[in-house]
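Enquirer: predicted coordinates and the sequence they were generated for:
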Amino acid sequence: MNVANLTQAGRSPAMPLDLELVDTTGAAKLTVQRLLRVLPGQRYVGLAEWRGRPVLAKLLVGGKAARHFQREREGARLLAEQGVQTPQLLAEGLREGEGGWLLFEYLDGAQSLGNAWRAVESQALLSADQQAVMAEALTCIAQMHGKGLWQADLHLDNLMRHNGKLWVIDGGGVHVEVAGQRLSRAKVLENLGVFFAQLPAELMPFIEELLVHYLLANGEHALPLEALLNEVDKVRTWRVRDYLRKAARDCSLFAAKVGAFGLRVIRREDEAGLQPLLDNIDPFTEQGHIYKTGGAATVARVELNGRPLVVKRYNIKSMGHWLKRFWRPSRAWHSWIEANRLQLLGIATPQPLAVLERRWCWLRGRAYLITEYCGGQDIIARFSHYHDRSPPETELLALDRLFAALLRERISHGDFKGHNLFWDEHLGRWSLIDLDAMQQHRSARRFARAYARDRARFLRNWPADSMLFTLLDNRLPQVPGTCPE
């Protein structure tokens, strides 16, 4: 089998995959043992064995193969020539009409800074461990900028810890302004905007403090904070829009089938595991533990091979109800999009796994949303013993962080009763459920009104004369002009 055959290999070619490669030293067999990233018919990246050693193989096929090959090779060359720590390019090849391949040194046991960050992200903001991860990243970025280089797709997973050093991977995203000369201020601001936009939004107030790590390694330019924050905001807005578009189509993250007689979008990594539930969703729902039934929605906890899941089925109650619903996106679809939005913005909610709509000639009927099961207690049960004393400070701080995030992102819940807010013991955060009426507002005025309603509805979970009500009323942030001072 040669590289060209991968054009028809689809998303999941059988492993191991043996390919015959020919370079300047002759022919050799490449055995791909595990795929790490797949763009069907275009790019296959995986762990492989070549001439007795482990390698990272990038296999490029399709009409854009030559362009992607040149970009990858040029980026790897730029990094190496400028002395940036990067995996060595061991072998390469490109054949017109077939495709290209690049084999890189494999960093066995390496850890990405993305994984390092995920291990400490639940700590208090800007803890010593978080500072250490950010310092490593920003120092490395500053050194690249000092050599005239920047990485277009700059994020923590492209920076790898290995043998006590930090390595830059993914040369395909590496660009140069003037090799060996410091990057211009405009490019620095643009590239740092990309980096900070992919970090939790809670870190944005600390950007000025974090920039110290960058300036210690590259103090060539004064970096105006307002200009940098504008770049960050621009990239964050684009990232949310782009991600939510992906949540509606077939791509590496989601498996989607949309047609006149149905819609089905599934988180791709869960597609195989969910298939028994998807094939028999009504029986599973009706035989599960019912939380709510009848009317517009049925909510049930189901067990799938020992894994607890929640199915929310949106019913059609009557012909009149169907006439109101068939022409617009279902509430299941709205909840799917909003759950994915919250996750991207770093606001806790049960993982959305799949959404289905029954259709007839594009006219919508019954719809379903499948999510992870959110164990633990809702806030009413959690605070039931604290009506006349203060709840644990860690849980109050988590509540502060949640409300701050909703304010920052201009998100209103629409039904902020206590049964829709659960304590996640693992994350140490409050998790939002029941997102049917959730909305991210463009208008500050409309958000202020919606937030005021959410805040008032949340406080009504407790008697107005209780100490807990007073504590929360004094503690929860207010939007100016919407709440009495």
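Expert: Structure's in. What do you need?

Enquirer: quick one: the helices in the stretch 101-250 of the chain, in order.
Expert: 113-120, 128-146, 185-197, 207-217, 225-246 (DSSP state H, counting those that start in this stretch).

Enquirer: could the ones you listed go into TSV alongside distance to Pro276, mean neighbour count and mean pLDDT?
Expert: In short, each C-beta sits where N, CA and C put it, glycine included. As requested, the helices of the stretch 101-250 of the chain are exported to TSV (distance: least, CB to CB, whole Å; neighbours: other CB atoms under 10 Å; pLDDT from 0 to 100):
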stretch	distance to Pro276	mean neighbour count	mean pLDDT
helix 113-120	30	16	94
helix 128-146	40	19	96
helix 185-197	39	20	96
helix 207-217	46	16	94
helix 225-246	26	14	94
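
Enquirer: let's have these in JSON lines, adding distance to Leu344.
Expert: Formatted as JSON lines, the helices of the stretch 101-250 of the chain follow (distance: least, CB to CB, whole Å):
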{"stretch": "helix 113-120", "distance to Leu344": "15"}
{"stretch": "helix 128-146", "distance to Leu344": "20"}
{"stretch": "helix 185-197", "distance to Leu344": "11"}
{"stretch": "helix 207-217", "distance to Leu344": "19"}
{"stretch": "helix 225-246", "distance to Leu344": "5"}
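
Enquirer: domain ranges for this protein?
Expert: Under the assignment automatic domain parsing, the domains of the chain span 3-105, 111-225, 254-372, 379-475.

Enquirer: dump those domains to TSV, plus distance to Ala247.
Expert: Output for the domains of the chain, formatted as TSV (distance: least, CB to CB, whole Å):
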stretch	distance to Ala247
domain 3-105	18
domain 111-225	17
domain 254-372	5
domain 379-475	13
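
Enquirer: need the contact list for Phe254.
Expert: By CB atoms under 8 Å, 6 or more residues apart in numbering, the contact set of Phe254 is 246-248, 265-268.

Enquirer: what about 7 Å?
Expert: 246-247, 265-268 (CB atoms under 7 Å, 6 or more residues apart in numbering).

Enquirer: swap in Ala256?
Expert: 248-250, 265.

Enquirer: among those residues, which ones are buried?
Expert: Buried members of the contacts of Ala256, counted by 16 or more other CB atoms under 10 Å: 248, 265.

Enquirer: what two of the contacts of Ala256 are the furthest from one another?
Expert: Ala248 and Asp250 (9.5 Å; CB to CB).

Enquirer: which regions of this protein sit below the pLDDT cut-off?
Expert: 24, 26, 294, 318-319, 321-323, 325-327, 480-485 (pLDDT under 70).

Enquirer: could you measure from the residue nearest to the spatial centre of it over to Phe261?
Expert: Nearest residue to the geometric centre of the chain (CA atoms, centre = their mean): Leu344, 4.6 Å. Distance of Leu344 to Phe261, given as CB to CB, to the nearest Å: 30 Å.

Enquirer: how about Arg331?
Expert: From Arg331 to Phe261 the distance is 20 Å (CB to CB).

Enquirer: same question, Gly295
Expert: 26 Å.

Enquirer: how about Ala448?
Expert: Computed as CB to CB, the Ala448 to Phe261 distance reads 43 Å.

Enquirer: the more surrounded of the two?
Expert: When neighbours are counted by other CB atoms under 10 Å, Ala448 and Phe261 differ, and Ala448 comes out ahead with 20 against 11.

Enquirer: wait, the more buried one sits on Gln478?
Expert: No. Look at Ala448 against Gln478 with CB atoms under 7 Å: they stay out of range, at 9.7 Å.

Enquirer: what sits in contact with each of those two?
Expert: Counting by CB under 7 Å, 6+ apart, nothing touches both Ala448 and Gln478.

Enquirer: correct me, but the residue nearest to the centre of the chain touches Tyr243?
Expert: Yes. In this structure, Leu344 is within contact of Tyr243 by CB under 7 Å, at 5.2 Å.

Enquirer: what number of residues lie near Leu59?
Expert: Count around Leu59 with other CB under 10 Å applied: 26.

Enquirer: is it true that it touches Tyr44?
Expert: Yes. Counting by CB under 7 Å, Leu59 touches Tyr44, with 4.4 Å between them.

Enquirer: residues shared between the contacts of the two?
Expert: Counting by CB under 7 Å, 6+ apart, the shared contacts of Leu59 and Tyr44 are Leu6.

Enquirer: before we move on, the earlier item: nearest to Asp434, of the helices of the stretch 101-250 of the chain?
Expert: helix 225-246 (19.4 Å).

Enquirer: relative to Arg53, how far out is Phe206?
Expert: On the measure of CB to CB, Phe206 and Arg53 end up 43 Å apart.

Enquirer: next: Gly376.
Expert: 48 Å.

Enquirer: could you do Arg161 as well?
Expert: Counting by CB to CB - Arg161 and Arg53 are separated by 21 Å.

Enquirer: ok, now Tyr214?
Expert: For Tyr214, the distance to Arg53 - CB to CB - is 36 Å.

Enquirer: check Thr470 too.
Expert: Taking CB to CB, one finds Thr470 at 67 Å from Arg53.

Enquirer: run a quick neighbour tally on Asp424.
Expert: Neighbour tally, Asp424, other CB under 10 Å: 16.

Enquirer: what's the answer for the one 5 residues further on, then?
Expert: With neighbours defined by other CB under 10 Å, the count for Arg429 comes to 21.

Enquirer: can you check the one 10 residues further on too?
Expert: Using other CB under 10 Å, Gln439 has 16 other residues around it.

Enquirer: what lines up beside the lengthiest strand in the chain in the sheet?
Expert: The strand that spans the most residues within the chain, counting by DSSP state E, is strand 26-39. Its sheet considered, strand 26-39 pairs with strand 17-23 (antiparallel), strand 43-50 (antiparallel) by DSSP bridges.
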